[in-house]
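K.L.:
just to be clear, the model below is a prediction. Sequence and coordinates:
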Amino acid sequence: MTRRRRGLSPEDEELWSRVAASARAMRPSKLKPVEAEAKPKPRKPHPTPLDFHIGETARPLTAAHDLVPALEERLAAQPLRMDRRTHQQMLRGKLKPEARIDLHGMTLAEAHPELIRFILSAQAAGKRMVLVITGKGKLRDDPGPIPQRMGVLRHQLPTWLTQPPLGTVVLQVVPAHLKHGGGGAFYVYLRRG
């Protein structure tokens, strides 16, 4: 059984016409006449090379933070330049370092010449794997306006080991295993002398 739609009564039609006459559109729409829709729209001319607006093809801005990866991630991303099996044993702490130096507590000015002397003498003595202890660093009492990384010596060590005169001597730098100092120490694998 289908219901028939009832039309409005004459009273309702009169009321509706009064309401419709007094109503204003909230958003005036631009209604096109029916004839205008039938006409084809004119095509836009192809843009010339000089017809552009600055930034029209620019990608929307995203987070503009270009953070440097953590020290361990940077060292892990380096290509492997030594024997893979020896490298795996070194990462697991199975190899014993042949020599060690403790730079913990030194300033950058004191530590750099000590490191150069130690690495060059270790290579001259025929040693292949040495342990360099830097310490993890400590928080400063007065941080100041310029942020500094915790463990300045720890972050500077890989840079020193790639620059002359140590760059030609060092084959690989890897964070040490926990039993040899963990995050505050590094294994330095040297080339043969």
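P.N.:
That came through fine.
K.L.:
report the rounded mean pLDDT for the one helix or strand residue 159 maps to.
P.N.:
Element membership of residue 159, judged by DSSP states H and E, is helix 152-162. The average pLDDT within helix 152-162 is 93.
K.L.:
name the helix or strand of this structure that has the lowest mean pLDDT.
P.N.:
Every helix and strand of the chain was ranked by mean pLDDT, DSSP states H and E. The lowest is helix 34-38, at a mean of 54.
K.L.:
how far away is the most centrally placed residue in the chain from residue 6?
P.N.:
By CA atoms, centre = their mean, the chain has its centre lying nearest to residue 67, at 4.8 Å. Applying CB to CB, to the nearest Å, one obtains 70 Å for the distance of residue 67 from residue 6. All C-beta spots, glycine's among them, are computed from the backbone N, C-alpha and C.
K.L.:
ok so, going back, can you classify the residue nearest to the centre of the chain by secondary structure?
P.N.:
coil (DSSP: H, G, I helix; E, B strand; the rest coil).
K.L.:
hey, where'd the helices end up in this protein?
P.N.:
10-22, 34-38, 71-77, 84-91, 108-124, 152-162 (DSSP state H).
K.L.:
starting at the chain centroid, how far to the fifth one?
P.N.:
Same thing as helix 108-124. 32 Å (CA atoms, centre = their mean, to the nearest Å).
K.L.:
CA atoms of it as CSV?
P.N.:
The C-alpha trace of helix 108-124 is given here as CSV (Å, rounded to 0.1, in the frame of the first residue of the first chain):
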residue,chain,number,x,y,z
LEU,A,108,88.8,19.6,24.2
ALA,A,109,92.1,21.4,24.0
GLU,A,110,93.7,18.7,26.3
ALA,A,111,92.1,15.7,24.8
HIS,A,112,92.8,16.2,21.1
PRO,A,113,96.6,16.1,21.2
GLU,A,114,96.5,13.2,23.7
LEU,A,115,94.2,11.3,21.3
ILE,A,116,96.5,11.9,18.3
ARG,A,117,99.5,10.8,20.3
PHE,A,118,97.8,7.7,21.5
ILE,A,119,96.3,6.5,18.2
LEU,A,120,99.5,7.1,16.2
SER,A,121,101.7,5.3,18.8
ALA,A,122,99.2,2.4,19.0
GLN,A,123,99.3,1.9,15.2
ALA,A,124,103.1,2.1,15.3
